[in-house]
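Visitor: When you get a sec, could you give me coordinates for this:
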Amino acid sequence: QSDIVGVVGSDIVLTLNADTNGPDATTYDSIIWYHDGKGIHSGIVNQASTPTAAYTTTSLTLSSVIISDTGYYWCVITYGDIGAITSDTTRVFIEGVISHPVHTAGDLGESVTFTAVFTGKTTTPAPTWAKKALTTGALSDPNIPRSTITQAYDSSTLSWTSKLVISTLETDDEAAYACKIIYVSSVHMEMTTDAALSVFHAAVEPAYGFVGSSLTLTAKITANEEATNIVWFKNSAHMTDTINNVYDVGTGVTTSEIVFGSAVSAGDITTYKVTAVLDIAKIIVQSPEITLSQITITENPTGGDYIVGGQGTLTCKFGPSTVSTFATPTIKWVRTTDNFEFAGTIEDTFDDPGYTSLMKIFPAAVGDAGIWKCVVTLQDFTGSIESSTATVTVSGIITSPTSDNVVQGALVTLSCVASTLTEPTVVWKEGLSSENTVTAGSGTSITNTYSGTSFTSVLIFQYTVSTTDTYVCEVTDSSTTYTSSKANFTPLVITSQPAAVIAKSGDSQAGPISCTASDHSSLTISWFKGSTELTDTNKYSFSTTSGVGEMTVINDVNIDDAGDYYCKAEYALNGNFNGGSLTSNSGTLDIISIVDEPSILTLLFDTGIFNTAYSLPPCVAIGPKEADTAIWTSDADLTATTSTKTYDPNTKKTTTTLSWASIPNDLSGSGYICTITYDANSVITFRMMEPTSKGFVTHPTSVVQSGTAVTFTAVVDGSLSSI
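Guide: Numbers count the residues shown, from 1 in each chain. Take a look at the predicted model:
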């Protein structure tokens, strides 16, 4: 027979007709069927022989064939002594699955391969793959994500090999996969059994610690089921520490934590892994080994000598040996001598696989000196790691002399403080443009003290100049010179002295008298007359504006107000003992006043006084100097009068008189006025009241008479009852 094609599970009958035209046509000794060279024995196949007149017919029935029934079949018939005859071969081809895909488990991100092998007498069509959910039997779209399918046909074995490769596994890939082939010749389909894919991921999270710290290791097992029988291994040895397992249904993640029962020791810096069972997937998963990374100081800080006001940096590096990332650490810089924590600028940067911490000393100050170390603590860890110590010294000017105002003539104290490693020398210099070295002596003292690393120089001197001046100190330690900033001093001085003022007795006010001092917020100006401070605000008014002080006599201006007035400018400064007071020159207030002014003039004109010289009582004034002019006026005839003016510098009195060479017999009139002038604006005038003539107004006159009576007449002015 020609090739026979069968389907797995069907029955196939092979029939052989043998020609028996021989000497003994009706007998045969044996009939044996062979399959690929092996005899098929009774019970395995059904064999029968029916002799006929012409030939012998024998058949072989293959019941419920399977793939292994595929092959070449033939029959051998033996006839007594004549011998055996062998039929031609007939090939039996069973269409079906040779090899089914098997259950596979894969790690997240990895790839898996399913393989199916079919018999295939023809090279077309090729097998195809499909995916279906584990819980349902419905096949899904054959477009399987991230998959590739390769086909190979082996003509020698007449078989198809198909491979499904799913790359970069995801949890959604967890499903059942099957392969099918449609046989065109027999018009039927063959499909493999389902092969489940379990997707998992087991990993111990990178861990780090340091000797003496606590430690908890964490592993996460990702699968669509809870992982069980979780076992931790240290150096492949089963660990017995406490294990806490938690399964999250939503994410399909089983988290396992193992808590070290004691602080980390050097022997714990080794490898760790975890195994677990996935019951549904029927697999055991194992994480890759991780090495516990030890956190250590990888670079210790080194100290140095920094300059005051300059910049210095201490560097500390630390990190794990293998883990590239870990929780942000807490980094402190601590001075060991007083456990003081540095509060300045600290720059921490991640420098894979560790951290770099920079302690920035800027601007450097003496308080930064000391023995420093870097202390690192980690989140969720007890204990800490510390760097070795680094010694920091700070040299230079700590405190420069301070610029300020200073009262001219005040005693000034300047301080210069420096930090030096050895006892230094100091030079004080003075001057705006050309600096002159200041030396002790003549009211100037320089006192230096040195203790530990602290150096202080104090300069005390009297500030006598009236212009701005500058002072600076230079401190030299070994070969290094540190120069302080300049202290600029502005003197406070009396810039305007009180001037002389003239006023008239009886005026409403006298003044103001003013002085001007360098303006300052602490300035107060007080006024004095002689040694007495003026405080009576009913008699005087005072004001100070922008350094200008004024004093005015405001009530009852009289001759007693004359005198010397001066101001005192006081400054309440501090810090350098440079406060104090300034006293101005005196300004004189001169009061011009009539000091001798007769009110009524009574003249007794008696016999014998006529034709004799006569002077009015004098007019006397007091003022700052001799009066410029003294002028007499009257409505009476002054043609025959003469006026005089004299001055007594001791009493500051100017005296003026009006005289007649020959007294007139009538002095009547409205009065006599005396006007004394000191300058154009200082004029005083007094009026002498009208004179009253008491006495003989008409005297008897001489007559020549003969023989008659003679009468002499005298006229007397006024009542002379007492005469």
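
Visitor: can you pull the contacts of the closest residue to residue 415 other than its chain neighbours?
Guide: Spatial nearest neighbour of residue 415, excluding adjacent residues (CB to CB, 6 or more residues apart in numbering): residue 458 at 5.4 Å. Every residue, glycine included, has its C-beta placed from N, CA and C. Shown in contact with residue 458 (CB atoms under 8 Å, 6 or more residues apart in numbering): 413, 414, 415, 416, 445, 446, 447, 448.

Visitor: and which of those is nearest residue 483?
Guide: If you rank the contacts of residue 458 by distance to residue 483 using CB to CB, residue 416 comes first, at 10.0 Å.

Visitor: State the paired neighbours of the helix or strand the closest one falls within in the sheet, together with their directions.
Guide: Residue 416 is located in strand 411-419, with elements delineated by DSSP states H and E. With DSSP bridges as the test, strand 411-419 is paired with strand 390-399 (antiparallel), strand 454-462 (antiparallel).

Visitor: And the shortest one, what's buried?
Guide: By that I understand strand 454-462. Across strand 454-462, burial judged by 16 or more other CB atoms under 10 Å covers 455, 456, 457, 459, 460, 461.

Visitor: next one: that strand to chain centre, how far?
Guide: Strand 454-462 has its C-alpha centroid displaced from the chain centroid by 37 Å (CA atoms, centre = their mean, to the nearest Å).

Visitor: now swap in the longest one and tell me
Guide: With CA atoms, centre = their mean as the basis, strand 390-399 stands 24 Å off its chain's centre.

Visitor: List the contacts of the residue nearest to the spatial centre of the chain.
Guide: The C-alpha lying nearest the average C-alpha coordinate of the chain belongs to residue 345 (CA atoms, centre = their mean; 8.4 Å). Applying CB under 8 Å, 6+ apart to residue 345 gives the contacts 360, 362.

Visitor: beta partners of it?
Guide: Residue 345 has these beta-bridge partners by DSSP bridges: residue 360.

Visitor: Which pLDDT does the model give it?
Guide: As predicted, residue 345 sits at a pLDDT of 92.

Visitor: The one 5 residues further on too?
Guide: On pLDDT, residue 350 comes in at 84.

Visitor: Now do the strand or helix carrying it: distance to the chain's middle.
Guide: Using DSSP H and E, residue 350 maps to strand 345-351. Chain-centre distance of strand 345-351: 14 Å, with CA atoms, centre = their mean.

Visitor: Quick one: the strands in the stretch 351-500 of the chain, in order.
Guide: In the stretch 351-500 of the chain, the strands defined using DSSP state E, counting those that start in this stretch lie at 354-361, 370-377, 385-386, 390-399, 404-407, 411-419, 425-430, 436-438, 445-451, 454-462, 469-477, 480-483, 487-492, 494-496.

Visitor: List the contacts of the shortest one.
Guide: When contacts are defined by CB under 8 Å, 6+ apart, strand 385-386 is touched by residues 210, 295, 296, 297, 318, 373, 374, 375, 376.

Visitor: Apply the buried test to those and list what passes.
Guide: Burial by neighbour count, 16+ other CB under 10 Å: within those this picks out 210, 295, 297, 318, 373, 374, 376.

Visitor: which ones are touching the second one?
Guide: Spelled out, that is residue 295. 208, 209, 210, 318, 319, 320, 326, 376, 378, 385.

Visitor: and these as TSV, adding pLDDT?
Guide: Formatted as TSV, the contacts of residue 295 follow (pLDDT from 0 to 100):
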residue	pLDDT
208	78
209	76
210	79
318	88
319	83
320	79
326	64
376	90
378	78
385	87
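
Visitor: In strands, which of these fall?
Guide: Applying DSSP state E to the contacts of residue 295, the entries found in strands are 208, 209, 318, 319, 376, 385.

Visitor: Which of the residues you listed sits closest to residue 264?
Guide: Using CB to CB, the ones in strands among the contacts of residue 295 come closest to residue 264 at residue 209, 4.6 Å.

Visitor: one step back: per-residue pLDDT of the residue nearest to residue 415, please?
Guide: Per-residue pLDDT puts residue 458 at 95.
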